[in-house]
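**Student:** fold the following for me, if possible:
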Amino acid sequence: MYTKEQIRDKIIEVINEGIEVANASGTITKYREPVIGFASAHDELYTKASGIIGYDVLRPIDLLPEAQTVVSFFVPFDVSPVKYARYREEMSNREWSLAYYELNLLIGKIMDQVIKALAEMGVKAVSEPVTENYDHVQLTTKWPHKTSAYIAGIGTFGINRIIITPMGCAGRLGTIVFSEKITATPRPDQENCLYKREGKCGVCVKKCPVQALRYNSFNRFACVVRYQMRDNASAFDLGDYACSCGPCASYVVPKAEGHHVWIGRENCEDIVVQRRLEAVKEIKGETGIERN
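**Tutor:** Numbering: from 1, shown residues only. So this is what the prediction gives:
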């Protein structure tokens with residue numbers, strides 16, 4: 001019989017080990033420290049989610065009748081793919097697409113490993129795919145990973161409709177529903193989005209190349225055309241659903257000719273990370289990116 005603490009620690013261990021193994025492997029994409037949170041499968045926000053989002057979504061108990069807890073985790077990219085995701089005139093970005101593709105595979109693998117580890121501890125668990133789990137006509141999903149991430153205290157929604165975590169928002173999310181009750185992670189007591197909190201920034205809106213983002217609205221149909229870039233997918237050899245866009249999740253802009261600046265105190269992918277990663281001084285030396 002395993003204690004709740006042992007089960008919780010095993011989940012965290014498997015997620016961290018999965019990232020460590022990936023970073024030590026031959027894949028091009030590398031990753032930073034994950035953000036992990038737990039939510040009660042019976043949190044009232046799961047019941048309210050459909051009304052808030054505007055269409056029907058599943059509750060944890062719809063995926064697993066014995067559900068007690070949902071673990072949500074965010075895996076952030078390292079600096080390189082984020083740097084390449086800056087706005088470009090051309091409608092393609094292989095570096096970002098490759099990072100996105102590889103991280104989708106990694107998170108799927110990690111979720112499988114967590115489910116296997118939990119099964120060995122006598123705990124039932126299920127997950128939903130990290131991508132391609134949505135209605136291709138309405139562009140809606142029955143199990144939005146972002147919703148669980150918010151409920152699990154990983155971060156808050158930005159006006160870019162992405163979860164902004166203590167490690168920024170350039171990365172991917174995974175969730176697992178399981179049958180053991182684990183103490184929930186407290187949700188943040190303030191908005192991580194600078195625009196929501198202070199009325200500043202809005203860089204994600206300004207940088208959207210197809211104007212899908214507005215301060216108070218989002219056109220997901222315009223977004224997905226740019227996001228999927230089917231015309232470029234075959235050139236990337238990453239399948240039909242390689243994400244070729246990323247300015248709303250990573251904001252790097254020209255400061256002067258031949259020199260770029262990470263928008264330090266003016267965007268969510270840096271100010272939030274800066275609070276937690278002051279020790280990462282090698283960024284400037286390794287990438288040539290200057291932090292404000």
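**Student:** where in the stretch 151-292 of the chain is pLDDT low?
**Tutor:** Along the stretch 151-292 of the chain, segments meeting pLDDT under 70 span 219-292.
**Student:** show the pLDDT at residue 8.
**Tutor:** At residue 8, the pLDDT value in this model is 98.
**Student:** show me what contacts it?
**Tutor:** Neighbouring residues of residue 8 by CB atoms under 8 Å, 6 or more residues apart in numbering: 38, 182, 183. Bear in mind the C-beta positions are built from the backbone N, C-alpha and C, glycine included.
**Student:** now do 6 Å
**Tutor:** Contact analysis of residue 8 by CB atoms under 6 Å, 6 or more residues apart in numbering lists residue 182.
**Student:** tell me how far the ends of stretch 24-33 are from each other?
**Tutor:** Start-to-end span of stretch 24-33 (CA to CA, to the nearest Å) is 14 Å.
**Student:** for residue 26, helix, strand, or coil?
**Tutor:** At residue 26 the chain is in coil, as set by DSSP: H, G, I helix; E, B strand; the rest coil.
**Student:** any idea which helix or strand comes after the helix or strand encompassing residue 19?
**Tutor:** With elements taken from DSSP states H and E, the one containing residue 19 is helix 4-24. Using DSSP H and E, the helix or strand that follows helix 4-24 in sequence is strand 35-40.
**Student:** so for that following strand, what's the average pLDDT?
**Tutor:** pLDDT averaged over strand 35-40 gives 98.
**Student:** contact partners of that strand?
**Tutor:** Counting by CB under 6 Å, 6+ apart, 12, 69-74, 151-154, 165-167, 182, 184-185 sit against strand 35-40.
**Student:** and those residues, which of them are in helices?
**Tutor:** 12, 151 (DSSP state H).
**Student:** which of the contacts of strand 35-40 fall within strands?
**Tutor:** Counting by DSSP state E, the contacts of strand 35-40 place 69, 70, 71, 72, 73, 74 in strands.
**Student:** what's near enough to touch the last one?
**Tutor:** What that stands for is residue 74. Contacts for residue 74 (CB under 6 Å, 6+ apart) come out as 35, 154, 165, 171, 173.
**Student:** against residue 171, how distant is it?
**Tutor:** To residue 171, residue 74 is 6 Å away according to CB to CB, to the nearest Å.
**Student:** in the stretch 51-200 of the chain, which spans are helices?
**Tutor:** Assigned by DSSP state H, counting those that start in this stretch, the stretch 51-200 of the chain shows helices spanning 60-63, 79-84, 94-120, 145-151, 194-198.
**Student:** where among those helices is the average confidence lowest?
**Tutor:** helix 79-84 (a mean of 58).
**Student:** right, and residue 192 touches residue 165 too?
**Tutor:** No. With contact defined as CB atoms under 6 Å, residue 192 and residue 165 do not form a contacting pair (7.3 Å).
**Student:** more neighbours, the two?
**Tutor:** The neighbour comparison of residue 192 against residue 165 (other CB atoms under 10 Å) goes to residue 165, with 27 against 21.
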